[in-house]
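Visitor: sequence unknown, structure follows:
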């Protein structure tokens, strides 16, 4: 999430009542989670296991729960609870804005777009030209929809990320301040859910077609001209490159990349990044041709064993 203007290190420190290390006038442009962080952003880290990853990331300000040596060209915000203060910064700049109508007055809807009865269009949503939004679709705040997009009934765009911190008192939700971007010529089936980014965007690329009953996690990027069949579940921070086909009931773990023109056959379970241009099958998913050979060999071995028994 980018701030509406550039702030100084001392300004952000005052918002969360935190000590800082670095030039008080150090410029800050926004906040971002580690997977999508950019220069000028604040990133948070609250576990020693990930200190180095955060300190060596593209972020220029690290919100951290321990005084450590500050890398050259960066600044530190010292907090006893970085998770809490990261949420506090996000809510300070982008607080929840209650809806007062089914279609917000602050939304922008392009020429030729049809919105069926019962659809909800949140605050500051932008919808392009010649789209069809079916009944009972929910498009939450700040979503951006391109031209010639079809979204079928029951789909929800922009619910909060499934991102929680386990505390002794219960699970503490990281309140999302990102959005969802749907590019041109996308079709989304009925009862799909596409979560908003934690602090960046969840993106569905141009020309992608999604079947019914699909879940896309926060900050995931789906490339151009992909096909996703029913009951696919994709966790957060996944990159699916262009022209990937994902068939029914495939599950994909967080933080992996699926290469261009890969094919994931039905019920594959993806636990690591996969090269493009190949077909995959099974759990954990492996190249289909190799797996079929293994299965055929096993069947022959079993047949031979029974024959000689």
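Guide: Received the coordinates, thanks. Here the structure is a predicted model, which is why all the values come from computation and not from measurement.

Visitor: got the contact list for the nearest residue to residue 154 once chain neighbours are set aside?
Guide: Spatial nearest neighbour of residue 154, chain neighbours left out: residue 191 (4.0 Å); criterion: CB to CB, 6 or more residues apart in numbering. From N, CA and C alone the C-beta is placed, and that goes for glycine too. Contact analysis of residue 191 by CB atoms under 8 Å, 6 or more residues apart in numbering lists 153, 154, 155, 212, 213.

Visitor: ok, those vs residue 97, which is closest?
Guide: Relative to residue 97, the closest of the contacts of residue 191 is residue 155; by CB to CB it sits at 21.4 Å.

Visitor: tell me, which helix in the chain spans the most residues?
Guide: Ranked by number of residues, the top helix in the chain under DSSP state H is helix 288-308.

Visitor: Buried residues, stretch 53-73. List them.
Guide: Buried residues in stretch 53-73, counting neighbours by 16 or more other CB atoms under 10 Å, are found at 54, 55, 57, 59, 60, 61, 62, 63, 64, 65, 68.

Visitor: Out of the residues you listed, the closest to residue 78 would be?
Guide: Of all those, residue 64 has the smallest distance to residue 78: 6.5 Å, by CB to CB.

Visitor: correct me, but the closest one touches residue 52?
Guide: No: with contact defined as CB atoms under 8 Å, residue 64 does not reach residue 52; the gap is 11.3 Å.

Visitor: what is in contact with the two at once?
Guide: By CB under 8 Å, 6+ apart, no residue touches both residue 64 and residue 52.

Visitor: burial count for residue 16?
Guide: A count of nearby residues for residue 16, using other CB atoms under 10 Å, gives 19.

Visitor: correction: residue 77
Guide: 24.

Visitor: if you look at the contacts of residue 191, which of them are in helices?
Guide: If you go by DSSP H, these have nothing in helices.

Visitor: beta partners of residue 188?
Guide: Per DSSP bridges, the residues bridged to residue 188 are residue 151, residue 210.

Visitor: any idea how far residue 15 is from it?
Guide: According to CB to CB, to the nearest Å, residue 188 stands 37 Å off from residue 15.

Visitor: So the two - more neighbours on which side?
Guide: Remark: of residue 188 and residue 15, residue 188 carries more neighbours, 26 against 13, as counted by other CB under 10 Å.

Visitor: That one reaches residue 155, doesn't it?
Guide: Yes: taking contacts as CB under 8 Å, residue 188 lies within contact range of residue 155: 5.5 Å.

Visitor: quick one: residue 11 is in a strand?
Guide: No: counting by DSSP: H, G, I helix; E, B strand; the rest coil, residue 11 falls outside a strand, being helix.

Visitor: quick one: contacts for it?
Guide: residue 28.

Visitor: roughly how far apart are it and residue 170?
Guide: From residue 11 to residue 170 the distance is 32 Å (CB to CB).

Visitor: Equivalent analysis for residue 17, please.
Guide: Residue 17 is 24 Å from residue 170, by CB to CB.

Visitor: can you check residue 20 too?
Guide: Residue 20 is 31 Å from residue 170, by CB to CB.
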